[in-house]
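Trainee: quick one: sequence and predicted model below, then my questions.
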Amino acid sequence: MFDIESSGGFARSCNPANQVKKLMTTQLETKIRSSLNSLSHSFGSRLATLGFAAAIAFFPPIAVSNASAESTKDPEIKISNSLAGNYLAARIAATDRDTESAAAFYRKAIALDPENIDLKLKGFLAFVGNGDFADGVDLGNKIIEAGSESEIVDLVLSVEDIRKKDWASAERRLSKDWRSAVDRLMAGLVLGWVKLGNDDLSGALKSIDNLNGPAWFDLFVQYHGGLIALVGGDTKDAVKRLTIARDNRAGGQAASDTYLRILAALAQANARTGDLKAAEVSIRDALRRLPQNPIFETMQTQLETNGQLGMPVDNAQMGAAEVFLNLGTAINREGGQQFARIYMQLASTLAPDVDAVSSELAELYDQQGLLLRANGLFAKIGAESPYYRIAQLEMALNLDELGKEEEARSALDQLVATGPDDLILHLSYGAVLARHEKFSDAIGVYEKILKRITNPRRMHWNLYYRQGIAYERTKQWPLAEAAFKKALELFPNQPSVMNYLGYSWVDMDINLQEGLDMIRNAVNLRPNDGYMVDSLGWAYYKLGRMEEAVLELERAVDLRPGDPTINDHLGDAYWKAKRYLEATFQWKHALSLEPIETDIPRIQKKLQVGLDEVEKSELASDEDPNEG
């Protein structure tokens with residue numbers, strides 16, 4: 001089951017709202033978003049362990065702006081008549097992920113310097129990345145006509161050939177020595193589909209089988225070999241190849257999205273052979289990994305009702321789109337957003353009405369802050385699609401992030417009414433409410449679904465955990481403690497729950513040793529989680545063990561250098577350790593990191609009079625019955 005807040009640092013009773021808001025604001029918890037899209041990331045994305053990160057190292061770095069491209073760009077693109085001005089504007093827009101503006105500026109710059117091949121190549125990438133495929137093809141042909149060699153241009157032009165069913169031209173473009181491993185794999189897989197489009201099943205499979213490369217190649221080669229055999233009519237060979245792909249667990253951990261599609265394809269192949277039991281095993285395997293996954297729930301219903309399954313990939317063009325979808329998704333998980341977007345656009349060009357493609361491209365827009373464009377794609381997904389509820393939920397989350405809170409809540413309420421047992425939905429709705437500090441409302445959302453769960457399982461731990469946070473934030477500690485304990489009963493040693501419960505005990509001066517042990521266990525399980533290390537350091541601080549507190553809080557700052565609360569904690573520990581100069585520096589640094597507004601006066605007061613005087617004043621205030 002996915003961990004909606006795998007960073008785990010919600011609990012800071014010195015100011016819990018700070019950490020809650022911090023982890024809920026940027027794209028409304030990217031953990032929610034990545035989990036929603038095909039609900040696939042409980043596998044974990046570990047492409048780097050199989051060498052995939054090294055394979056995409058040739059991608060040029062792209063700077064990432066913290067602001068949404070849609071929220072920062074001017075409503076009107078202002079084009080100048082200066083070549084340098086348009087070029088620089090295009091580069092800045094591309095850096096800000098505003099491909100619409102980048103394409104417009106490159107278009108004008110190319111008009112001012114039509115013989116500049118390097119400029120055309122940059123414009124070409126901007127056009128394709130923005131979805132302006134026809135303009136990209138036109139510019140790509142001009143680049144080729146000018147005698148320039150470019151692998152990415154050949155790849156894009158092969159997509160145009162596939163659209164036109166010009167298999168011979170596509171094969172010529174793809175049959176070359178590709179320099180990078182990713183391009184070699186992508187071109188080789190697409191070439192297999194092109195040969196199948198040209199009615200050469202044997203040649204298609206030979207092309208696939210001849211692909212050699214690093215270990216992470218294997219899963220994609222096995223999958224597409226199986227798909228080509230399935231579409232080509234050799235169902236027996238398809239089952240064999242897809243079974244090998246299914247058993248490639250290491251590859252499946254690295255490319256979790258593709259692995260899910262392998263399970264679906266294997267179920268389809270088994271159903272075609274009449275082996276409905278084997279098909280059911282594949283579907284149940286997927287649902288065991290991802291309970292309530294709507295795609296596999298739909299397949300299960302189809303199998304039980306009709307005894308057969310549909311074929312989302314049923315021709316060569318759809319197969320080529322699948323290649324771009326699979327590798328684009330995998331590259332995106334490793335941070336290659338610039339090229340992932342190009343590959344997703346190519347998939348969308350070949351399969352404009354395939355919901356899986358629209359959903360992935362919309363997800364990429366989400367990551368880049370293009371929420372309106374994302375919602376435009378999500379809105380295309382019809383009510384009959386298994387992706388529909390995912391899309392509607394994503395749209396609601398985006399509306400909330402765009403500041404349309406009432407519209408978002410209305411949409412979420414409608415989804416709850418039609419999906420009272422939807423776990424992802426209720427967790428997401430609760431996260432939205434928590435983001436706005438409406439914890440009482442969040443409790444109501446959690447209670448609605450918990451009342452319907454008669455036999456809680458491990459997958460439900462997060463509901464009780466979130467319910468516990470909401471109870472704690474509304475000062476209902478006995479109910480919060482019971483909810484945290486229930487979460488641990490369902491998922492023993494869950495780090496986030498141990499961190500929150502253990503810290504809360506220490507902070508309230510109860511169950512001190514048990515609380516400290518819990519936090520230590522959490523840190524042992526997540527040693528690089530800065531928030532959990534901060535909890536451990538702050539627990540030592542509360543217990544007066546300043547040497548250990550300083551050690552852990554310094555490590556927490558190393559892990560989360562930009563967090564104002566952790567820096568403030570370290571300043572307090574330095575002060576108690578009589579390292580006054582370092583304490584002052586740390587508090588000043590915490591202020592520079594823009595802490596939440598309610599924390600600022602206390603930090604400023606510590607800088608003026610020191611921590612000891614602040615604590616004396618707070619103690620006197622607490623003891624004065626007339627205060628406040």
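Mentor: That came through, no problem.

Trainee: separation between residue 561 and residue 554?
Mentor: Distance from residue 561 to residue 554, counting by Cβ to Cβ, to the nearest Å: 11 Å. Where you see a C-beta, it was placed from the backbone N, CA and C, and this is true even at glycine.

Trainee: those two: which is more packed in?
Mentor: Neighbours were counted for residue 561 and for residue 554 using other Cβ atoms under 10 Å; residue 554 has more, 18 against 12.

Trainee: which ones are touching the closest residue to the more buried one other than its chain neighbours?
Mentor: Spatially, and ignoring its direct neighbours in sequence, residue 554 is nearest to residue 570 (6.4 Å; Cβ to Cβ, 6 or more residues apart in numbering). Residue 570 is in contact with 537, 550, 553, 554, 556, 557, 586, counting by Cβ atoms under 8 Å, 6 or more residues apart in numbering.

Trainee: could you dump the residues you listed to TSV with pLDDT?
Mentor: Converted to TSV, these look like this (pLDDT from 0 to 100):
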residue	pLDDT
537	97
550	98
553	98
554	98
556	97
557	98
586	98
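
Trainee: so which of those residues sit within strands?
Mentor: Under the assignment DSSP state E, these contribute nothing to strands.

Trainee: let's have those in TSV, adding distance to residue 424.
Mentor: Output for those, formatted as TSV (distance: Cβ to Cβ, whole Å):
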residue	distance to residue 424
537	34
550	41
553	35
554	38
556	31
557	34
586	40
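
Trainee: pick out whichever of those sits closest to residue 525.
Mentor: Checking the contacts of residue 570 against residue 525 with Cβ to Cβ, the nearest one is residue 556 at 15.8 Å.

Trainee: domain ranges for the protein?
Mentor: Segmentation of the chain into domains, based on automatic domain parsing, reads 59-148, 167-384, 527-628.

Trainee: go through those and pick out the most buried.
Mentor: When you average the neighbours per residue for each of these (mean count of other Cβ atoms under 10 Å), domain 167-384 leads with a mean of 21.

Trainee: figure out how far that domain is from the centre of its chain.
Mentor: 19 Å (Cα atoms, centre = their mean, to the nearest Å).

Trainee: state the distance from residue 430 to residue 439.
Mentor: In terms of Cβ to Cβ, residue 430 sits 9 Å off from residue 439.

Trainee: more neighbours: which of these two?
Mentor: When neighbours are counted by other Cβ under 10 Å, residue 430 and residue 439 differ, and residue 430 comes out ahead with 27 against 23.

Trainee: so that one, which of the three states?
Mentor: Taken by DSSP: H, G, I helix; E, B strand; the rest coil, the conformation at residue 430 corresponds to helix.

Trainee: so residue 205 is in contact with residue 230, correct?
Mentor: No: using Cβ atoms under 8 Å, residue 205 is not in contact with residue 230; the gap is 11.3 Å.

Trainee: residue 216 against residue 254, yeah?
Mentor: Yes: using Cβ under 8 Å, residue 216 is in contact with residue 254, at 6.0 Å.

Trainee: sorry, back to before: what's the overlap in contacts for residue 430 and residue 439?
Mentor: Contacts common to residue 430 and residue 439, judged by Cβ under 8 Å, 6+ apart, are residue 470.

Trainee: circling back: the residue nearest to residue 554 sits in which helix or strand?
Mentor: helix 564-576 (DSSP states H and E).

Trainee: how far does that helix sit from its chain's centre?
Mentor: 32 Å.

Trainee: pLDDT (mean, whole number) over that helix?
Mentor: For helix 564-576, mean pLDDT is 97.

Trainee: do stretch 451-466 as well
Mentor: On average, stretch 451-466 scores 96.

Trainee: so what touches it?
Mentor: Residues contacting stretch 451-466 (Cβ under 8 Å, 6+ apart): 1, 3-4, 291, 420-421, 423, 426-427, 430-431, 434, 442, 446, 449-450, 483-484, 486-488, 490-491, 494, 496-497, 500.

Trainee: got the buried residues for it?
Mentor: For stretch 451-466, burial by neighbour count (16 or more other Cβ atoms under 10 Å) applies to 459, 460, 461, 462, 463, 464, 465, 466.

Trainee: out of the residues you listed, who's nearest residue 581?
Mentor: residue 465 (40.4 Å).

Trainee: got a quick ChimeraX command for the buried subset of the contacts of stretch 451-466?
Mentor: The ChimeraX selection below is limited to those of the contacts of stretch 451-466 classed as buried (16+ other Cβ under 10 Å):
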select :1,3,4,291,423,426,427,430,431,434,442,446,449,450,483,484,486,487,488,490,491,494,496,497,500
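
Trainee: re the thing from before, distance to residue 507 for the domains of the chain - can I get that in JSON lines?
Mentor: Listed next are the domains of the chain as JSON lines, based on distance: least, Cβ to Cβ, whole Å:
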{"stretch": "domain 59-148", "distance to residue 507": "32"}
{"stretch": "domain 167-384", "distance to residue 507": "34"}
{"stretch": "domain 527-628", "distance to residue 507": "6"}
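
Trainee: lowest average pLDDT across these?
Mentor: Across the domains of the chain, domain 59-148 gives the lowest mean pLDDT, at a mean of 81.

Trainee: residue 441: neighbouring residues, count only.
Mentor: Residue 441: 16 neighbours (other Cβ under 10 Å).

Trainee: and it, what element?
Mentor: helix 439-450.

Trainee: elements contacting that helix?
Mentor: helix 423-435, helix 461-473 (3 or more Cβ pairs under 8 Å, 6 or more residues apart in numbering; DSSP states H and E).

Trainee: what does it contact?
Mentor: By Cβ under 8 Å, 6+ apart, helix 439-450 touches 416, 420-423, 426, 429-430, 433-434, 460, 463-464, 466-467, 469-471, 473-474.

Trainee: what angle do that helix and helix 423-435 make?
Mentor: Between helix 439-450 and helix 423-435, the angle comes out at 170 degrees (axes from the mean of the first three to the mean of the last three Cα atoms, to 10 degrees).

Trainee: so how far is helix 439-450 off the chain centroid?
Mentor: Using Cα atoms, centre = their mean, the offset of helix 439-450 from its chain centre is 25 Å.

Trainee: so that helix versus helix 461-473, what angle?
Mentor: 150 degrees.

Trainee: restrict helix 439-450 to CA atoms and write it as PDB.
Mentor: Only the C-alpha atoms of helix 439-450 are listed here, as PDB (Å, rounded to 0.1, in the frame of the first residue of the first chain):
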ATOM      1  CA  PHE A 439      -8.800  18.800  10.900                       C
ATOM      2  CA  SER A 440     -12.300  18.500  12.300                       C
ATOM      3  CA  ASP A 441     -13.700  18.100   8.800                       C
ATOM      4  CA  ALA A 442     -10.900  15.600   8.000                       C
ATOM      5  CA  ILE A 443     -12.000  13.500  11.000                       C
ATOM      6  CA  GLY A 444     -15.400  13.300   9.500                       C
ATOM      7  CA  VAL A 445     -14.000  12.100   6.100                       C
ATOM      8  CA  TYR A 446     -12.000   9.400   7.800                       C
ATOM      9  CA  GLU A 447     -14.900   8.300  10.000                       C
ATOM     10  CA  LYS A 448     -17.100   7.900   7.000                       C
ATOM     11  CA  ILE A 449     -14.900   5.200   5.400                       C
ATOM     12  CA  LEU A 450     -13.800   3.600   8.700                       C
END
